[in-house]
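K.L.:
Next one to model:
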Amino acid sequence: MTKTAILIDGGFYRKRAVILWGEKSPEMRAKELRAYCYEHLKMKDGEIPRQLYRVFYYDCPPISRKVFHPLLGRTIDLGKTPMYQWATQFFEELKKQRKLALRMGRISENTANYSIKYEITKRVMNGSKSIIDLTEQDFAIGLEQKGVDMKIGLDIASLSFKQQVNQIILISGDSDFVPAAKLARREGIDFILDPMWGPIKPDLFEHVDGLKSNWGAKGDGPDSKYSLPS
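P.N.:
Coordinates of the predicted model:
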C-alpha cells in the first residue's frame, strides 16, 4: 500500500480550475477540488494501491483593505467585493472536507494595487487598443503572497524526513519547489507533479518522478454529481 500526501498550491489551482472548468460557486469548487484529489488515488491495472494520508491546501485569506483604482478614480473596499466574499466562503467549505488541512499564509497588504492586465498592456503597446478605451475589466488587483512557498517546502521536508508517506503529489506550476522535491527524492519519496495541463519548464522533468494531470484537457472535467468516497 502506497501512502500518499497531496499538496495543493491553492492560488495556482483556483486559476487553472477557472481556465479549465469555468467559474463555480465556492461549494462546488471545493467539491471539485476534493474530487480532483481523489482522482489521483485511482489505480491502473498492476499498480500498487494508494491510501490518502492527507490533502494539504496552501493559500492566503483575502484582504479587506481599501485600494485606489486608477481608472475609476476612487478607492475600492476589497472587503466588500465579490472576490472577497467568494474566497471567504470557499475556505469555509474546504474546512468541512475530510482529511484536508489548510495551511494559510498572508497577503502583503502594502503591495496591493490595481494595474492593467498583461494581455491588455500588450494590446495598448502594439496599438490595437487605445488607452481611452480601457474599462474596469482591463484592470486586475495585484496581490503578493507571503509564507505559502515556505510552508509547502517545510511540509515536503517534514513528510520526507519522518517517512510519514511514500509518495507526494504536488499540484502546482511553480519551479520554486525543486529544492524540496530533490530532498524528498533523496529520502526515497516518489514525487509526482501535477501542473493541471499547464506548461512547465523542460528541465523540471529531471527533478520529479512523474507528471500526471486529471480529467483530460480543457473542457473535460468532473460531472455534476461529484461522486466521492466518504
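
K.L.:
Which residue ranges of this structure form strands?
P.N.:
2-9, 50-59, 66-69, 74-77, 100-104, 106-107, 113-116, 139-142, 145-146, 167-171, 190-194, 210-211 (DSSP state E).

K.L.:
could those strands go into a markdown table alongside mean neighbour count and distance to residue 180?
P.N.:
For the C-beta atoms, the positions are set from N, CA and C on the backbone; glycine is no exception. Putting the strands of the chain into a markdown table (neighbours: other CB atoms under 10 Å; distance: least, CB to CB, whole Å) gives the following:
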| stretch | mean neighbour count | distance to residue 180 |
| --- | --- | --- |
| strand 2-9 | 21 | 10 |
| strand 50-59 | 20 | 12 |
| strand 66-69 | 14 | 33 |
| strand 74-77 | 12 | 36 |
| strand 100-104 | 16 | 14 |
| strand 106-107 | 16 | 21 |
| strand 113-116 | 16 | 30 |
| strand 139-142 | 14 | 26 |
| strand 145-146 | 14 | 17 |
| strand 167-171 | 24 | 9 |
| strand 190-194 | 21 | 9 |
| strand 210-211 | 12 | 16 |
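
K.L.:
So what touches stretch 41-52?
P.N.:
1, 2, 3, 4, 6, 37, 38, 40, 99, 167 (CB atoms under 8 Å, 6 or more residues apart in numbering).

K.L.:
got it, and stretch 187-194?
P.N.:
2, 40, 159-161, 163, 165-172, 181, 184-185, 200, 204, 207-214.

K.L.:
Give the buried subset of the residues you listed as a ChimeraX selection command.
P.N.:
This is the ChimeraX syntax for the buried subset of these, where burial follows 16 or more other CB atoms under 10 Å:
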select :40,159,160,165,166,167,168,169,170,171,172,181,184,185,204,207,208,213,214
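
K.L.:
ok, back up a step: for the contacts of stretch 41-52, work out which two are farthest apart.
P.N.:
1 and 37 (17.6 Å; CB to CB).

K.L.:
So these two - more neighbours on which side?
P.N.:
residue 37 (24 against 8; other CB atoms under 10 Å).

K.L.:
That one reaches residue 5, doesn't it?
P.N.:
No. Contact criterion CB atoms under 8 Å: residue 37 and residue 5 do not qualify, at 10.4 Å.

K.L.:
what do these two both touch?
P.N.:
residue 55.

K.L.:
contacting residues for residue 99?
P.N.:
Applying CB under 8 Å, 6+ apart, the residues contacting residue 99 are 52, 54, 55.

K.L.:
Quick one: the helices in the chain, in order.
P.N.:
Along the chain, counting by DSSP state H, helices occupy 10-21, 26-39, 82-95, 118-125, 148-161, 178-186.

K.L.:
would TSV of the ones you listed with distance to residue 72 be doable?
P.N.:
Formatted as TSV, those follow (distance: least, CB to CB, whole Å):
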stretch	distance to residue 72
helix 10-21	24
helix 26-39	26
helix 82-95	16
helix 118-125	16
helix 148-161	30
helix 178-186	41
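
K.L.:
Tell me which of those sits nearest to residue 71.
P.N.:
Using CB to CB, the nearest of those to residue 71 is helix 118-125, at 11.2 Å.
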